[in-house]
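Undergrad: pasting a predicted model and its sequence here:
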Amino acid sequence: MDWSIQDIARIAGTTSRTLRHYDAIGLLKPSRVGGNGYRYYDRDSLVRLQRILLLRELGLGLDAVGRVLDDRTDAVPALRDHLQWLRAERERLARQIASVESTIHAVEEGEELVAEQMFDGFDHTQYKEEVEQRWGKDAYAASDRWWRSKTPEERAEWQARQARLAADWQAAAASGVSPDSEEAQALARRHADWLADIPGTPGYGTGAPLAAYLTGLGDMYVADERFAANYGGPSGAAFVRDALHAYAAAHLA
């Protein structure tokens, strides 16, 4: 059984033009082309398209999507990994939805806010293993103690600060300014100051992060699609990386 390009576009919520572009760049070839010139897609093509759309939702560019598909040709294990992530994300989002609904109800009814409920689903420990592997258990332990010592109001303010910084990075990247421009370097300074406030990070207590730490994070933002998504995807993450590298070279040891 196969499906026409029009059927696939409708079912997948995309467009025929997008599917033709995927064909042109070698990302998704049709299984056959009919005598009328129409593209048709079989079962394997649908599986590949599903993987493409899942990776796109993570913020990956088309080049990165192609590399992932080329590296992991066996679809089933890759989809199982993604399914595990989706289930965890569904659970986290469900908890966040419940916490926000509870907050709205409490505010509207003038009831007392329960801090533990307000921040259910906001898990700062999700990267514990990675942090320990990269920078050691002491670094994670210090930052974890720092986070747990904060009041709910302080945690909310810190998260808002992080969100504002990410949004400003995305806006700067979209504006077309150079990573070494005055605007981008002001953001890099804010980024460095933000990191310097976190106990356990290299350079904490000196007023600035170490250059190698700042540039290493910039490289990680590009290499890991989860972090790249915070900055609008791979191109935005690359802008952040280049700006941080320029700032470190000019101002940090």
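TA: Structure received. Because the structure is a prediction, the values reported are computed rather than measured.

Undergrad: contacts, neighbours, all on C-alpha from now
TA: OK.

Undergrad: surely residue 48 touches residue 28?
TA: Yes. Under the criterion of Cα atoms under 8 Å, residue 48 makes contact with residue 28 at 7.3 Å.

Undergrad: pull out the buried positions in the host helix or strand of residue 155.
TA: Applying DSSP states H and E as the criterion places residue 155 in helix 152-175. Counting neighbours by 16 or more other Cα atoms under 10 Å, one finds that the buried residues in helix 152-175 are 152, 165, 166, 169, 170, 172, 173.

Undergrad: swap in stretch 11-31?
TA: In stretch 11-31, the ones that count as buried by 16+ other Cα under 10 Å are 15, 16, 19, 20, 22, 27, 28, 29, 30.

Undergrad: so what's the first one up against?
TA: Residues counted as contacts of residue 15 (Cα atoms under 8 Å, 6 or more residues apart in numbering) are 6, 9.

Undergrad: can you tell me which of the buried residues of helix 152-175 is nearest residue 53?
TA: residue 170 (21.9 Å; Cα to Cα).

Undergrad: looking at it, the closest one is touching residue 231, isn't it?
TA: Yes. Here residue 170 reaches residue 231: they are 5.4 Å apart, a contact under Cα under 8 Å.

Undergrad: all strands for the stretch 1-150 of the chain, in order.
TA: Assignment of strands within the stretch 1-150 of the chain using DSSP state E, counting those that start in this stretch yields the ranges 3-4, 32-33, 39-41.

Undergrad: on that earlier part again, adding distance to residue 52 and pLDDT, write the buried residues of stretch 11-31 out as CSV.
TA: Putting those into CSV (distance: Cα to Cα, whole Å; pLDDT from 0 to 100) gives the following:
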residue, distance to residue 52, pLDDT
15, 14, 91
16, 15, 92
19, 11, 94
20, 14, 94
22, 10, 95
27, 8, 94
28, 9, 95
29, 12, 95
30, 14, 94
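
Undergrad: nearest residue to residue 172 other than its sequence neighbours?
TA: residue 184 (6.8 Å; Cα to Cα, 6 or more residues apart in numbering).

Undergrad: now the angle from whatever helix or strand the one you found lives in to helix 152-175?
TA: Per DSSP H and E: residue 184 is located in helix 182-196. Relative orientation of helix 182-196 versus helix 152-175 (axes from the mean of the first three to the mean of the last three Cα atoms, to 10 degrees): 150 degrees.

Undergrad: and the following helix or strand past helix 182-196, how far out from the chain middle?
TA: Note on helix 182-196: by DSSP H and E, the next helix or strand toward the C-terminus is helix 211-223. A distance of 15 Å separates the centroid of the chain from that of helix 211-223, by Cα atoms, centre = their mean, to the nearest Å.

Undergrad: for helix 211-223, packing partners?
TA: helix 225-228, helix 234-251 (3 or more Cα pairs under 8 Å, 6 or more residues apart in numbering; DSSP states H and E).

Undergrad: pick the most deeply packed of these.
TA: Comparing the helices and strands packed on helix 211-223 by mean neighbour count (mean count of other Cα atoms under 10 Å), helix 234-251 ranks first with a mean of 22.

Undergrad: avg pLDDT for it?
TA: The average pLDDT for helix 234-251 rounds to 93.

Undergrad: now swap in stretch 109-124 and tell me
TA: pLDDT averaged over stretch 109-124 gives 57.

Undergrad: give the residue spans of the stretch 151-253 of the chain that score low on pLDDT.
TA: Low-confidence segments of the stretch 151-253 of the chain (pLDDT under 70): 152, 253.

Undergrad: repeat that for the stretch 1-150 of the chain.
TA: In the stretch 1-150 of the chain (pLDDT under 70), the answer is 58-60, 85, 88-89, 92, 95-96, 103, 111-144, 146-147.

Undergrad: now do the helices in it.
TA: For the stretch 1-150 of the chain, the helices defined by DSSP state H, counting those that start in this stretch cover 5-12, 16-24, 43-57, 62-71, 75-109, 115-118, 128-135, 137-148.

Undergrad: got the CA positions of the fourth one in PDB?
TA: Meaning helix 62-71. Extracted C-alpha coordinates of helix 62-71, given in PDB (Å, rounded to 0.1, in the frame of the first residue of the first chain):
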ATOM      1  CA  LEU A  62      17.200  19.900   8.000                       C
ATOM      2  CA  ASP A  63      20.900  19.200   7.700                       C
ATOM      3  CA  ALA A  64      21.000  18.000  11.300                       C
ATOM      4  CA  VAL A  65      17.900  15.900  10.800                       C
ATOM      5  CA  GLY A  66      19.600  14.200   7.800                       C
ATOM      6  CA  ARG A  67      22.700  13.400   9.800                       C
ATOM      7  CA  VAL A  68      20.700  11.900  12.600                       C
ATOM      8  CA  LEU A  69      18.700   9.700  10.200                       C
ATOM      9  CA  ASP A  70      22.000   8.600   8.400                       C
ATOM     10  CA  ASP A  71      23.600   7.800  11.800                       C
END
